[in-house]
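> Have a look; sequence and predicted model below, questions after that.
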Amino acid sequence: MARSVSLAPEPANYGDNPKNIIANRNNSALPASLLKWYDGEQRELPWRAKKGEIPNPYHVWLSEIMLQQTVVKTVIPYFNKFITLWPELTDLANASTDEIRTAWAGLGYYSRAANLHKCAIIIRDEYEGKLPIFEEELITLPGIGPYTAAAIAAIAFDETATPVDGNIERVVARQFAIETPLPKAKTELKQLASTLTPPRRAGDYAQALMDLGARICTPKNPSCLLCPISKSCAGYHQGIAPLLPKRSAKKPKPTRYGAAFFVLREDAKILLRQRKEGGLLGGMTEIPGTDWNEKEAVAENALKSPPVNGEWWQLPGIVKHTFTHFHLELTVFRIIAPKKAELTLFADADRCKWVHRDELKSQALPSIMRKVIDHALKTLN
C-alpha cells in the first residue's frame, strides 16, 4: 500500500454549495468505489473470509462479540485462543461458563463472556447449532444488540443490513459533513449510512467501511489524498473532514476507592472469591475486598471487616484501574495466614477458594485483580 499522506485539503472551488453537490444521498458510485478499493486493500483478519470463500458465521459472531468496545489488535489472540479451544459453535456451547470466563480474562467487559455462552446454548438447542440469518432474530439473542445483529446479518449472510460502529459513524459524518455532535447525531448517521448500503456484497461493503475508518479515514490526520471515496466526501471538499465527527463534551469520570485483601497461606495458596453474578465483573474471580465507593477514607475502615483475622500489613502505593464510567483506586492489605486459617463472615466462604500461586494463570481473573496480585507479590520477591 502507498505511503500514508495526512494532509488537510484546501476547499475546492465548486461555485455552488459543495455540500449540496457532493453529499448526494443516492450516490451509487460510492459503494462501487469503496468495494473496488477493498478488493485490493482489505485487512487479513483471522475471522474474515478471504476472497472467494464463504464466511464462517461462528467466526463472524464470535469476533463481533469480542470487538464490542475492543480494538482489533487486542481481539486477535483471544479469537485464536477461542477457536483453538472450541473449534465449532457447539463446542463453545458445551463448555462451562467458568471455562469461557477464564479464557476471556483480560479482554474486559466481562458480561460479554456470560452472554456469549448463553447465546451459544440457545443456538445449539433452538437453532440446531446454526446462527439465524436475519437481524430480527439475531437481536433477540443474548449479547447481540442492533449493531452486532446488523454486522452478523451482513457479513455472515450477505443480508442488506447496515452495521454502524465508530469507524462507520466517522466515515459517514465526513461524507455528508454532518456537524451535529455525537451522540446526538447517531440516529441521523445511521439513516444516512443505510442509504448507501448496496443490495449486493453488503457484508464486504460493511467491512470496507470499517477498514477505511481504521486505516484511511482515521480520527486524527485522515489520509484524504489516499481515500477511494474522497470525490463524494463533503467534509473533504469543505476542508473540515479532520474536525468531524464533533462530540459533545464528556463529563469527567468520577474516582472510586476500595480495599483489597490479599491472603497468602503458609502453603503458598491465595484466597480467591467469585463475584456475584450480574453487575460489573459479574461472576469473575477476585481478591476479596470492600465495596467501591467515592469516599476516599479507605485505610481507616477497611480492617474492620477483613476476610481473615490476624496481623495485616498495608502495602505501600495504590493499584489504579480505569473502567468505562469511573476510575478506581485500591489500597491493598496483605497477610501471611496459617494453613488452617478460618474465614470470617465477610469472606462469604461459599464463594471462596484457595488457589496455589503457581496456578493463578488458570483463573478467571480480570485485569484489575491481576494488578492487585502483582502488587502484593512484588513485595514478597
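Cool, got the structure. Just so it is clear, the structure is predicted and the values come from calculations on it, not from any experiment. Residues are numbered from 1 along each chain as shown.

> need the helix or strand of the chain with the lowest average pLDDT.
Ranking every helix and strand in the chain by mean pLDDT, DSSP states H and E puts helix 18-22 at the bottom, with a mean of 42.

> Identify all contacting residues around stretch 266-285.
If you take C-beta atoms under 8 Å, 6 or more residues apart in numbering as the criterion, stretch 266-285 is touched by 97, 101, 105, 110-111, 114, 261-265, 286-288, 307-308, 323, 336-339, 343, 347-348, 351-358, 360, 363-366, 368-369, 373. C-beta coordinates here come from the backbone N, C-alpha and C atoms, glycine included.

> now swap in stretch 103-118 and tell me
With C-beta under 8 Å, 6+ apart, stretch 103-118 has contacts from 62, 65-66, 68-70, 74-75, 78, 81-82, 85, 92-93, 95, 97, 100-101, 142-143, 277, 281-284, 324, 363-367, 370.

> end-to-end on stretch 260-272?
11 Å (C-alpha to C-alpha, to the nearest Å).

> What of stretch 343-358?
End-to-end distance (C-alpha to C-alpha), stretch 343-358: 22 Å.

> which residue ranges form the strands in this protein?
Assigned by DSSP state E, the strands in the chain fall at 255-265, 269-274, 285-286, 313-314, 319-322, 327-337, 352-356.

> now these in TSV, with mean pLDDT, distance to residue 42 and mean neighbour count?
Formatted as TSV, the strands of the chain follow (pLDDT from 0 to 100; distance: least, C-beta to C-beta, whole Å; neighbours: other C-beta atoms under 10 Å):
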stretch	mean pLDDT	distance to residue 42	mean neighbour count
strand 255-265	96	42	21
strand 269-274	96	42	20
strand 285-286	96	39	20
strand 313-314	94	53	14
strand 319-322	96	33	15
strand 327-337	95	38	19
strand 352-356	96	44	14
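
> Make TSV out of those and add distance to residue 130.
Compiled in TSV, these are given as follows (distance: least, C-beta to C-beta, whole Å):
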stretch	distance to residue 130
strand 255-265	43
strand 269-274	33
strand 285-286	33
strand 313-314	55
strand 319-322	39
strand 327-337	41
strand 352-356	37
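
> wait, which of those strands is closest to residue 234?
Counting by C-beta to C-beta, residue 234 lies closest to strand 319-322 out of the strands of the chain; the figure is 35.9 Å.

> And the strands of the chain: which comes nearest residue 125?
Nearest of these to residue 125, taken as C-beta to C-beta: strand 269-274 at 25.7 Å.

> now that closest one and strand 327-337, what's the angle there?
Per axes from the mean of the first three to the mean of the last three C-alpha atoms, to 10 degrees, the angle that strand 269-274 makes with strand 327-337 is 140 degrees.

> Residue 167 and residue 186: what is the separation?
Plainly put, residue 167 is 14 Å away from residue 186 if you go by C-beta to C-beta, to the nearest Å.

> should've said residue 234
19 Å.

> what's the answer for residue 192, then?
Per C-beta to C-beta, residue 192 is found 11 Å from residue 186.

> And these two? Which one has more around it.
residue 192 (20 against 13; other C-beta atoms under 10 Å).

> That one reaches residue 176, doesn't it?
Yes: under the criterion of C-beta atoms under 8 Å, residue 192 makes contact with residue 176 at 5.5 Å.

> pLDDT at residue 225, what is it?
We have a pLDDT of 95 for residue 225.

> Pull up the gap between it and residue 216, please.
Distance, residue 225 to residue 216, by C-beta to C-beta: 10 Å.

> more neighbours, those two?
More crowded of residue 225 and residue 216, by other C-beta under 10 Å: residue 216, with 21 against 14.

> what sits against the more buried one?
By C-beta under 8 Å, 6+ apart, the contact set of residue 216 is 4, 222-223, 226-228.
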